[in-house]
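A.B. asks: structure here, sequence nowhere to be found:
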């Protein structure tokens with residue numbers, strides 16, 4: 001929350017990164033700051049969408065809520081990069097699985113015209129930041145597991161129109177389901193063809 005106004009996780013992420021953080025990411029991506037900002041927005045939206053899928057069933061929602069408690073006091077914006085990467089890899093593994101993370105990086109690379117290997121380096125850096133922002137929000141607002149799931153659903157609904165198709169296609173490819181929108185309200189069919197696509201049920205222990 002900034003100035004009493006509820007902001008999206010992405011907006012808060014960009015605010016906490018600030019211009020220096022965006023410049024560092026632009027250097028990592030070997031691109032300009034405008035492109036870096038767009039990539040951060042798309043990458044954070046992908047991570048938030050994955051977290052929403054994790055919380056799409058009661059077991060997954062409770063596992064995620066418990067995991068958030070471990071990120072309340074963390075400060076990924078000033079922490080050690082190596083530790084950040086380790087935490088980020090763990091988060092991405094729970095949310096997407098190894099193959100799903102590679103799919104996410106590949107989709108983002110096509111969107112941004114960047115090497116997917118570079119996106120594989122960026123995603124683990126951003127994941128703990130997204131978790132920290134969500135953890136602090138959940139703590140400050142005394143959210144239970146269901147409230148966290150609802151909040152993530154609202155985050156997806158607020159995705160800018162120019163990213164909606166991208167994120168819907170990415171998440172649909174990783175988790176199964178439609179590829180044009182993020183169908184949070186209609187994900188009731190079993191995903192038998194995507195063994196890594198149910199992080200909340202297949203890997204509930206964060």
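C.D. replies: All right, it came through fine. This is a predicted model, so every value here is computed, not measured.

A.B. asks: and residue 166, how many neighbours?
C.D. replies: Neighbours of residue 166 under the rule other C-beta atoms under 10 Å: 18. For glycine as for every other residue, the C-beta is placed from the backbone atoms N, C-alpha and C.

A.B. asks: kindly report the same for residue 76.
C.D. replies: 22.

A.B. asks: distance check, the residue nearest in space to the middle of the chain against residue 115.
C.D. replies: The centre of the chain sits closest to residue 47, judged by C-alpha atoms, centre = their mean, with a distance of 1.4 Å. Distance of residue 47 to residue 115, given as C-beta to C-beta, to the nearest Å: 19 Å.

A.B. asks: hmm, residue 12 and residue 41 touching each other?
C.D. replies: No. Applying C-beta atoms under 8 Å, one finds residue 41 not in contact with residue 12, separated by 12.0 Å.

A.B. asks: need the helices for this protein, in chain order.
C.D. replies: 9-29, 33-54, 58-68, 81-95, 97-112, 116-140, 145-157, 161-175, 199-202 (DSSP state H).

A.B. asks: any idea which of the ones you listed is most buried?
C.D. replies: helix 33-54 (a mean of 23; mean count of other C-beta atoms under 10 Å).

A.B. asks: now do that one against helix 81-95, angle only.
C.D. replies: 40 degrees (axes from the mean of the first three to the mean of the last three C-alpha atoms, to 10 degrees).

A.B. asks: could you check the angle helix 58-68 makes with helix 33-54?
C.D. replies: Using the same axes, to 10 degrees: helix 33-54 against helix 58-68 is 130 degrees.

A.B. asks: ok, back up a step: any idea how far the residue nearest to the centre of the chain is from residue 32?
C.D. replies: Taking C-beta to C-beta, one finds residue 47 at 23 Å from residue 32.

A.B. asks: and residue 159, what are its phi and psi?
C.D. replies: Main-chain dihedrals, residue 159, degrees, to the nearest 10: phi -60, psi 130.
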